[in-house]
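[1] quick one: sequence and predicted model below, then my questions.
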Amino acid sequence: QDHLLRKVDKHIDFSFINEKVRPLYCADNGRPAIDPVVLFKMIFLGYFYGIRSERQLEREIQTNLAYRWFLGLGLTDKVPDHTTISWNRRTRFKGTNIFQDIFDEIVLQGISHRMVGGRVLVSDSTHVKANANKHQYTKQQVLQNTKDYVDELNAAVAEDRKEHGKKPLKPREEVTEDKEIKVSKTDPDSGYMIRDGKPEGFFYLDHRTVDTKYNFITDVHVTPGNVHDSVPYLSRLDRQRERFKFEVEAVALDSGYLTTPICRGLQSRNIFAVIAHRRFHPKQGLFPKWKFTFDAERNIYVCPASHELGYRTTDRKGYRQYASDPEHCKNCPLLDQCTQSRNHRKVVTRHVWEDSKDWVRNNRLSKSGKQLYRKRKETIERSFADAKELHGFRYCRLRGLPNVREQALMTAAVQNMKKMAIHLDRLEYRV
């Protein structure tokens, strides 16, 4: 009576599956199909118990009474063939959003049971090893991704230059920037990842968001391993707000998300953001930037020797340049610790959206910010550990971004089902 599958079957409503897959089946042609609910329950079993092989899954169902009961099969009923799952993946479900839809429905059930608040969210990413040899690759030149915020940044630069009495920048000719990347011969969709403290090779990244109320997973997004954590963040946050009608009040992120566009985006959305500090290492022997104090009222920087660095210009990338007077600097006793430039001029830059970054830093140092950030390791890190240790998410089962996306979504879905079933069963037991 205390088996996990009994709790799942009792508290999780799978009836929505028939409605979701109905457009993918033919109503009046071909032989009768396996019940879609049974098919997806087989898939869920594989992810519940970390069974990586579909052949092995079929063999386990044949001999395990709990699995048969969960699928509604009698002792003598024939178990659906393992090829049924792979055939549906390759043909019927190819190019559809069925796995995303199923994940979303589980989240909606969690919301209906008041297990998701949608007010405080924590996001992070983890690497998942691709099914690819890191020594088998080709090198290709690819175009750099255009930033989503480039139009907004150009407008901010133009406005800033106008306020400072500078001429508008001339329209820039379209310049295509490309870079050389390693492309796997066995899984071209994966990305070659090189990060400090991380293994090197072909990986995918699972970008995940959890709600702090019950550590319920509310979003899953998969990218190649060479995509920076911050790239998909704001679009995925907006998707959750739109899809689940979340009224997000606060978010907690690690230092990989401490970029000016993300700070600006969260402040403009009126979301209290706490992002971990990232330590920058200046050239040895020179003053770090924080030694130079910014005076917002006078729009100047003051150096450690109390000399002023006045505003010069704002470049295309959105950085204001503040420069010192070489006549003061060349006789300064701190010159060797300040700059190595031949003309004795020190230049300090400040982004036009730097105020948003300062706002995030102040949030991190506040009492509520410290309390919120402490929850990060208790929520998102635990969610990743559970997925890898108990549900086989350390390695990709199949190759290709759509297949890895399926694995990530179904792994997160069964984690949510397990959490929801156990929680609702405890509530019922208390009553």
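    Thanks, I have the structure now. None of these values were measured; they are calculated from a predicted model.

[2] and the pLDDT at the most centrally placed residue in the chain?
    In the chain, the C-alpha nearest the mean C-alpha coordinate belongs to His207, at 2.7 Å (Cα atoms, centre = their mean). His207 carries a pLDDT value of 96.

[3] use 37 as the first number from now on
    I'll keep to 37 as the first residue from here, and by that count the last item is His243.

[4] is it true that it lies in a strand?
    Yes. When DSSP: H, G, I helix; E, B strand; the rest coil is applied, His243 is found to be in a strand.

[5] bridged to it, which residues?
    Beta bridges link His243 to Ser161, His257, judged by DSSP bridges.

[6] for it, give me its contacts.
    Neighbouring residues of His243 by Cβ atoms under 8 Å, 6 or more residues apart in numbering: 159-161, 255-259, 265, 268-269, 272. The way it works is simple: take the backbone N, C-alpha and C, and place the C-beta from them, glycine included.

[7] and the gap between it and Val263?
    Distance of His243 to Val263, computed by Cβ to Cβ, to the nearest Å: 9 Å.

[8] thinking again about what came up before, make CSV from the contacts of His243 and add distance to Phe129, neighbour count and pLDDT to it.
    Listed next are these as CSV, based on distance: Cβ to Cβ, whole Å; neighbours: other Cβ atoms under 10 Å; pLDDT from 0 to 100:
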residue, distance to Phe129, neighbour count, pLDDT
Ser159, 27, 24, 95
Asp160, 28, 22, 94
Ser161, 25, 25, 94
Asp255, 21, 23, 96
Val256, 17, 21, 96
His257, 19, 20, 96
Val258, 16, 24, 96
Thr259, 21, 20, 94
Asp265, 28, 19, 88
Pro268, 23, 20, 92
Tyr269, 28, 24, 93
Arg272, 22, 18, 95
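
[9] out of those residues, the closest to Phe139 would be?
    Of all those, Val256 has the smallest distance to Phe139: 6.5 Å, by Cβ to Cβ.

[10] the closest one contacts Arg244, doesn't it?
    Yes. The criterion here is Cβ atoms under 8 Å, and Val256 meets it with Arg244 at 5.6 Å.

[11] what sits in contact with each of those two?
    What both Val256 and Arg244 touch, as defined by Cβ under 8 Å, 6+ apart, is the set Ala448.

[12] which secondary structure state is assigned to Lys175?
    Quick answer, by three-state DSSP: Lys175 is strand.

[13] neighbours around it, how many?
    When neighbours are defined as other Cβ atoms under 10 Å, Lys175 has 9 of them.

[14] can you pull the pLDDT of the nearest residue to it once chain neighbours are set aside?
    Distance criterion Cβ to Cβ, 6 or more residues apart in numbering; nearest residue to Lys175, sequence neighbours excluded, is Glu216 at 5.6 Å. For Glu216, the pLDDT comes out at 82.

[15] what residues are up against His380?
    His380 neighbours (Cβ under 8 Å, 6+ apart): 362, 365-366, 371.

[16] that one: which element?
    Assigned by DSSP states H and E, His380 belongs to no helix or strand.

[17] can you give me phi and psi for it?
    When read as degrees, to the nearest 10, the backbone of His380 gives phi 60, psi 30.

[18] do you know how far it is from Tyr103?
    According to Cβ to Cβ, His380 and Tyr103 sit 76 Å apart.

[19] measure Tyr409 to Asp290 for me?
    9 Å.

[20] ugh, wrong one, I meant Ala332
    Taken as Cβ to Cβ, the span from Ala332 to Asp290 is 28 Å.
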